[in-house]
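>>> next comes the sequence, and after it the predicted model I'd like to discuss.
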Amino acid sequence: MKINIKQLDEEIQKVVLENGLTVYIHKNSKFKNFYANYTLKYGSNDLSYAINNIEHKDPEGIAHFLEHLMFAKEDGDFFDDFTKLGSDANAYTSFEQTSYLFSSSDQFKENLKILIEMVQTSYLTKEKVDKELGIIIEEIEMYLHKPNYVMTFNLLRNLIDQTNYRNDIAGSIESIKQINSEQLNRIFSLFYHPTNATLFISGPIENEIVEFLESIQIIKTDQVKHKVEKKIERLNDSSIKEVNLEIDGIENNKIQVAYKFNLPKDISEELEMEVAIDLFSEYVKSKINEQFNDLIVEGEINNSLKSDYLIGQDINISYFTMTAEKCLILDDYIESCFKDIDLNDIELLKRKKIGREIKVFENSRDVVEFGLDIVTRNIDIDQYYDVLMNLSASNIKDILLDLQNKKIKVFQKTSGKMV
């Protein structure tokens, strides 16, 4: 199947292999590097599920724990195999997925073979689990000394009522101590099947790549032994509240203002909200915003101001963080930006965003990471560009005003010294 992104004159091939693995292939002979990402629809949120009507509840952090262990094999480490080929390999776990990736300048097929072997085989012994436990405890302790990390998860805990977005992706030291090899092997058999995965590749790829991918699959069948039903509650976004929270024990005073908005009704509204929130996040810290420039000069706002957002069918959150002593100015300033942003500024920011999104197709890494973010949310890539290019400035303004009127706000600050 050919996916034609008519707005950019780009083409991506979509193939489903015999074992159920979905593959997206973007070929560009001008690229100097290959990039591949194998992503599973299994992340830190997937703690509760039923197998043939039998309920299971896993410890927090188990998805991240398994990600670490997938690089292990009986006679060594897959990291070493990638390194020997001169490739850069990595992995990451998010709320909804786990991803394994590599970048290389040559020997693409050899790297692909290692990647497939790594994600479709497992070596999850008690000895490996016990050894990895100490490594992950050190990682968690390191994150607990990073102010932005601590603030963000404090933020999520105060914005979110029930769902697993409240939990640290890596879990807690207490929760990961409950993880054992039996649980990990169960998760591997359930969620690491190719029918639950997407492989996205980009670069100067040869024409026979599909045949090669079929030949290197370790899991050959697309039959899944057990019917798995994930259990993730939707966010409760029916009330409006404001929470003031002060966190002690972190060096450098930081302030954070965050908003939880109504959930999108469908994919189309999700994309429209995403475009609007992204443009608004840029506007709040942009030099085209006269109020921002004035507050910079007055010393009320500074260039440490950062923003981020999470949006999907189960979450719609935007937050702003700044290193500063003063707190109330940031809150008032962001509130005013919702109302004061004008259509000309929106149009200018939209043109800049379109320029950035077109540049995605200038290198293999950006193509893959962008493409995966879209397709793993069950969105067509050309649908995303349709929304981006056709959404008017007045529609974006209306979306922002509606979001401002129906939000939950959390305001928090840090103070004191790191302990």
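Cool, got the structure.
>>> for T98, see how far away the closest residue in space to F280 that isn't next to it in sequence is.
Spatial nearest neighbour of F280, chain neighbours left out: L400 (5.6 Å); criterion: CB to CB, 6 or more residues apart in numbering. No exception for glycine: its C-beta is placed from N, CA and C like everyone else's. Applying CB to CB, to the nearest Å, the value for L400 to T98 is 33 Å.
>>> returning to what we had before: looks to me like the residue nearest to F280 is in a helix.
Yes - according to DSSP: H, G, I helix; E, B strand; the rest coil, L400 belongs to a helix.
>>> Provide a list of residues in contact with it.
Shown in contact with L400 (CB atoms under 8 Å, 6 or more residues apart in numbering): 276, 280, 338, 341.
>>> what's near enough to touch K27?
By CB under 8 Å, 6+ apart, the neighbours of K27 are 13, 202-205.
>>> and the nearest residue to D88 once chain neighbours are set aside, what helix or strand is that in?
Once flanking residues are discounted, D88 sits nearest to S103: 4.7 Å by CB to CB, 6+ apart. Per DSSP states H and E: S103 is located in strand 98-104.
>>> next, name the residue at the spatial heart of the chain.
Among the residues of the chain, the one closest to the centroid is S94, at 5.4 Å (CA atoms, centre = their mean).
>>> show the pLDDT at the nearest residue to it once chain neighbours are set aside.
Spatial nearest neighbour of S94, chain neighbours left out: G43 (5.2 Å); criterion: CB to CB, 6+ apart. Looking at G43, its pLDDT reads 95.
>>> is G43 in contact with Y92, as I believe?
No - G43 lies out of contact with Y92 (CB atoms under 8 Å); the separation is 9.9 Å.
>>> which of those two has more neighbours?
With neighbours defined as other CB atoms under 10 Å, G43 and Y92 compare such that G43 has more, 22 against 15.
>>> list the buried ones in stretch 202-216?
For stretch 202-216, burial by neighbour count (16 or more other CB atoms under 10 Å) applies to 202-203, 205, 209, 213.
>>> quick one on the thing from earlier: let me have the contacts of K27 in TSV, extended by secondary structure, pLDDT and distance to K287.
Output for the contacts of K27, formatted as TSV (DSSP: H, G, I helix; E, B strand; the rest coil; pLDDT from 0 to 100; distance: CB to CB, whole Å):
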residue	secondary structure	pLDDT	distance to K287
Q13	strand	95	41
S202	strand	97	33
G203	strand	97	36
P204	coil	97	39
I205	coil	96	40
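>>> out of the residues you listed, which two sit at the greatest distance?
Spatial extent of the contacts of K27 (CB to CB) is set by the pair Q13 and P204 at 14.5 Å.
>>> picking up where we left off before, pull the contacting residues for the residue nearest to the centre of the chain.
Contacts of S94 by CB under 8 Å, 6+ apart are 43-44, 169.
>>> let's see 10 Å
39, 43-45, 63-64, 169, 310, 373, 376 (CB atoms under 10 Å, 6 or more residues apart in numbering).
>>> distance of it relative to V367?
Distance from S94 to V367, by CB to CB: 19 Å.
>>> who touches both of G43 and Y92?
Joint contacts of G43 and Y92 (CB under 10 Å, 6+ apart) are 64, 67, 98-99, 169.
>>> most neighbours, which of these?
Within the shared contacts of G43 and Y92, T98 tops the neighbour count with 25 neighbours, counted by other CB under 10 Å.
>>> give me phi/psi at the most far-flung residue of the chain relative to its centre?
Here the chain reaches farthest from its C-alpha mean at E298, the gap being 35.8 Å by CA atoms, centre = their mean. Torsion angles at E298 (phi, psi; degrees, to the nearest 10) stand at phi -80, psi -10.
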